Every structure is written in structure tokens, then in C-alpha cells.
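Colleague: Show me the folded form of this:
(one chain, ligands or ions: 1)
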Amino acid sequence: MAAALERLGDMTGFRCVDVGAGGGDVSVALAELCGERGRIYAVDIDPVRRNQIATRAARFSQVIALTQAAEELTLPEPVDLAFCRFLLLAVHEPGLVVERMVAATRSGGWVIIQEPITSAGRIGRTPLSMEAPGVTDPDIGATVLELLSCPGVEIREAWVESPAGIGDSAVAHYLEAMSDSLVTDEQIVLPPLLTAIAKVL
Ligand SMILES: C[S@@+](CC[C@H](N)C(=O)[O-])C[C@H]1O[C@@H](n2cnc3c(N)ncnc32)[C@H](O)[C@@H]1O
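Modeller: Next up, the predicted model:
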């Protein structure tokens, strides 16, 4: 996330939306970058998340938590940045969500999407796919650029990151925490995360 946000330069005073904000990690990072003059709309479909985010971001008055479906994203003002991470893999209409994110962004503003290609992860030679409840497309990262290829949007940069390790490594600990299972001594390649940065014209 940090590498993507760095590309935008000084974000002081930015209006942002974090769509599918979850526990609020991204919203808090955005609040730190945008400062007190910024505003961060932390949007999630799950009402329980609103309280979690409010608690997590209590020291940032610029974070506003909203219960809203991404497919119906409606904000009180256009934003400079619409961001989502690990959201599109869970929705039924990712194209519509991208459309709403673009529509919520002012002309000259940015859309950043970070989504995984889970079946490209590996434990040893075994694919590490994330066929989990609530996941509609575990490989959504493979189509993000296609989803962003719409009129009025220019993809400026895109890349894929995939941390790897073997034995008692940071990725082994991460996977243990995520999957609640003990990891082997085999080589682990975490599911690649595709990041796309697009400018709204
Ligand atoms: C895996 S979490 C990601 C949290 C956060 N973006 C992050 O990267 O830490 C996905 C979040 O998306 C939310 N979500 C799922 N479908 C949604 C939808 N249609 N509209 C808005 N939020 C949604 C879920 O409630 C959940 O909090």
C-alpha cells in the first residue's frame, strides 16, 4: 500500500475513500498521510465494521465511517483518491464497483486498486488458492486492468508483488496468522497482489 501511495506525492488535505475498509488499516494509513485537513471516508457494507473503524481511528477526526455497499457508493463530495484492497474478490459485480469508484473521484484524481491472484500462490508446488466463504473470485487480480480499462480512465502504473520465503520466515508467520494452520518447511510464495494506479481524466 505504501509504495502505491508514495507514487501520488504529497497527499496533505486529500479527500479519500477507502472502499471495503474492513478493520480500517488502510483508512488509518490514509489519515496519517492526508493530515488533519484531509478527509477519509471509510466505507464498508458490514455495519459491525463501522464501530471497529471508529474505535481503530478514534484519534483521527478526519476519518468518517459509513455503512454502504460499494455497488451504491455515494459520497457527499468528490474525492481525490478512491482506494480498495481485498474488496473486489468478495463482490458479485466488480465492474460496477470500479465504475462507482471512478464516478466518486474528481477529474484529475486517482483510483488505486490492490487485489490478489490467489491461485498463483504456492506452498511447495501446491497452488495456494483462497476458495473461502465470501470470496466470489479468488483470482480477481488477474482482471483488474481490464476492469479499469474504461472511458475517462488512464492506467498510469501497475505491478504485481509476491513475497516469498522458506522455513521460519516472515511469510510463514503471516500465513500461519491468516490461515490458522501450521506451515511446513517448504518454499512459500504468497498470492501475488496486483496494484493498479489510474488517473481519472
Ligand atoms: C478482506 S476485507 C479487506 C479489508 C481492507 N480493505 C484491508 O485491506 O485491510 C473485505 C471487506 O470488504 C467488505 N465488503 C464486502 N463486500 C462489500 C461490498 N459489496 N461493499 C462494501 N464492502 C464490502 C467486507 O465487509 C470486508 O470488511
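
Colleague: what secondary structure does Glu36 sit in?
Modeller: coil (DSSP: H, G, I helix; E, B strand; the rest coil).

Colleague: Which pLDDT value goes with the residue nearest in space to the middle of the chain?
Modeller: For the chain, Arg85 is the residue whose C-alpha lies nearest the centre (CA atoms, centre = their mean; 1.1 Å). Turning to Arg85, the model gives it a pLDDT of 98.

Colleague: quick one, what contacts Val153?
Modeller: By CB atoms under 8 Å, 6 or more residues apart in numbering, Val153 lies in contact with Val102, Val111, Ala198, Lys199, Val200, Leu201. No exception for glycine: its C-beta is placed from N, CA and C like everyone else's.

Colleague: now for these, which pair is the farthest apart?
Modeller: The distance between the two most remote of the contacts of Val153 (CB to CB) is 11.4 Å, for Val111 and Leu201.

Colleague: if we can go back for a sec, apart from its neighbours in sequence, what residue is nearest the residue nearest to the centre of the chain?
Modeller: Of all residues not flanking Arg85 in the chain, Gln114 sits nearest, at 4.2 Å (CB to CB, 6 or more residues apart in numbering).

Colleague: Same check on Asp25?
Modeller: Asp25's closest residue in space is Arg56 (CB to CB, 6+ apart), at 7.8 Å.

Colleague: can you map out the strands along this structure?
Modeller: Assigned strands in the chain, in chain order: 15-19, 39-44, 63-67, 79-85, 105-116, 122-123, 126-127, 153-161, 164-166, 187-189, 193-200 (criterion: DSSP state E).

Colleague: Other residues contacting the fifth one?
Modeller: Read that as strand 105-116. Among residues not part of strand 105-116, those counted as contacts by CB under 8 Å, 6+ apart are 1, 4-5, 8, 78-89, 98, 101-102, 130, 138-141, 144, 147-148, 153, 191-201.

Colleague: so which of these also contact the ligand?
Modeller: Arg85, Phe86, Leu87 (CB under 6 Å from any ligand atom).

Colleague: which one of the residues you listed sits closest to His173?
Modeller: Nearest to His173 among those: Phe86, at 18.9 Å, using CB to CB.

Colleague: hang on, isn't that closest one packed against Gly20?
Modeller: Yes - between Phe86 and Gly20 there is a contact at 7.1 Å, judged by CB atoms under 8 Å.

Colleague: of the two, who's got more company?
Modeller: Legend: neighbour count by other CB atoms under 10 Å for Phe86 and Gly20, higher for Gly20 (23 against 17).

Colleague: excluding its backbone neighbours, what's nearest that one?
Modeller: Nearest non-adjacent residue to Gly20, counting by CB to CB, 6+ apart: Leu87, 3.0 Å away.

Colleague: and the one you found, what does it touch?
Modeller: Val19, Gly20, Ala70, Val97, Glu115.

Colleague: Same list, the residues you listed, but as a markdown table with distance to the ligand and pLDDT please.
Modeller: Output for the contacts of Leu87, formatted as a markdown table (distance: CB to the nearest ligand atom, whole Å; pLDDT from 0 to 100):
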| residue | distance to the ligand | pLDDT |
| --- | --- | --- |
| Val19 | 6 | 98 |
| Gly20 | 3 | 98 |
| Ala70 | 3 | 98 |
| Val97 | 7 | 98 |
| Glu115 | 10 | 98 |
